[in-house]
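> below is the structure, and that's it, no one-letter string:
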């Protein structure tokens, strides 16, 4: 799949003939559909497409207008993102109370280490307002005082600031389908475990209670299934036998920020692709520029060959049973 495909997202009620109407409109304009996926969750329909518009028979603005008009006719929301729309990545950072990932993102963007514009910080609490107010970045508290967010307000903010990517920087709320469907493969979360182990809340506590010797963190794309989205980057660390939960957090938090920043960089560089629920580096990407998992020193310590080198091919291997 090429990296210069146009993205089209359709969100709304599940209607008979909807897919045919959209695909027919594209076909009539010489647009080839490279990838199409659809789903329904909580009564909300989502269809996402990646299409080749290089040889389309109309202008970009004409296609936008035609899809907008079709969306109004069908009562659905249709969004179009051309490759040129993604040249300058505008991100929204969602936070709750923990500051380490937000501070790392702000510092990296300010220093130019991360080529993005933080266009908004959105929170379900007002706890971190003091970190953002001295900057030019707008801070939005969309919580109701008990931490429950107003997702309609969040959608308005995301649209107002023309957000390309949402970073969940220890945002302690589950995003609903109305947001996830509209920003599919454009929401990155950092989770404090080596997923798929210990999904959900209190992952460090789960690690402590299960007595694992190696903990870690995972940056992944968000789907409507909690902590099951495609994994982008991971980091690992040792957990001493006598480590407390606070000790585990102290080891994990710096790696949370590191893994989240690298995942955002991979996304904004258009280096990572998602296909069938997993990520991979695009053709031509230099894997050595990124640390997707273990650092080089840890990789060097890994065994270079299997232990069982002289098994008779005719003898069944019990390990395969």
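Cool, the structure landed. Here the structure is a predicted model, which is why all the values come from computation and not from measurement.

> what's the spacing between residue 212 and residue 301?
19 Å (Cβ to Cβ, to the nearest Å). Every residue, glycine included, has its C-beta placed from N, CA and C.

> same drill for the two, tell me which one is more crowded.
residue 212 (16 against 7; other Cβ atoms under 10 Å).

> residue contacts, the closest residue to that one other than its chain neighbours?
Excluding the flanking residues, the one nearest residue 212 by Cβ to Cβ, 6 or more residues apart in numbering is residue 239, at 6.2 Å. For residue 239, the contact set (Cβ atoms under 8 Å, 6 or more residues apart in numbering) comprises 207-208, 212-215, 248, 251.

> repeat that for residue 22.
Applying Cβ under 8 Å, 6+ apart, the residues contacting residue 22 are 8, 10, 47, 49, 67, 70, 78.

> over to residue 235?
Contacts of residue 235 by Cβ under 8 Å, 6+ apart are 216-217, 255-256, 258-259, 293.

> what segments of the stretch 1-150 of the chain are strands?
For the stretch 1-150 of the chain, strands defined by DSSP state E, counting those that start in this stretch occupy the ranges 6-12, 32-41, 44-52, 76-81, 90-95, 117-123, 139-141.

> still on that earlier bit, for the contacts of residue 22, which two are the farthest from each other?
49 and 70 (13.5 Å; Cβ to Cβ).

> the two: who's more crowded?
residue 49 (22 against 17).

> distance of that one from residue 186?
14 Å.

> hey, what's residue 12 bridged with?
Here residue 12 sits in beta bridges with residue 45, residue 76, going by DSSP bridges.

> just checking, what packs against the top helix by length along the chain?
Ranked by number of residues, the top helix in the chain under DSSP state H is helix 245-268. Contacts defined by 3 or more Cβ pairs under 8 Å, 6 or more residues apart in numbering; DSSP states H and E place helix 245-268 against helix 100-111, strand 165-168, strand 187-191, helix 203-210, strand 214-221, strand 231-238.

> tell me which of these approaches residue 56 most closely.
Judging these by Cβ to Cβ, what sits closest to residue 56 is strand 165-168, at 25.7 Å.

> picking that back up, could you dump the contacts of residue 22 to JSON lines with distance to residue 159?
Formatted as JSON lines, the contacts of residue 22 follow (distance: Cβ to Cβ, whole Å):
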{"residue": "8", "distance to residue 159": "16"}
{"residue": "10", "distance to residue 159": "16"}
{"residue": "47", "distance to residue 159": "19"}
{"residue": "49", "distance to residue 159": "20"}
{"residue": "67", "distance to residue 159": "16"}
{"residue": "70", "distance to residue 159": "19"}
{"residue": "78", "distance to residue 159": "13"}
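
> ok, residue 50 - contacts?
Residues near residue 50 by Cβ under 8 Å, 6+ apart: 1, 5-8, 33-35.

> swap the cut-off to 6 Å and go again
Shown in contact with residue 50 (Cβ atoms under 6 Å, 6 or more residues apart in numbering): 5, 7, 34-35.

> can you check residue 233 too?
Residue 233 neighbours (Cβ under 6 Å, 6+ apart): 219, 259, 262-263, 292.
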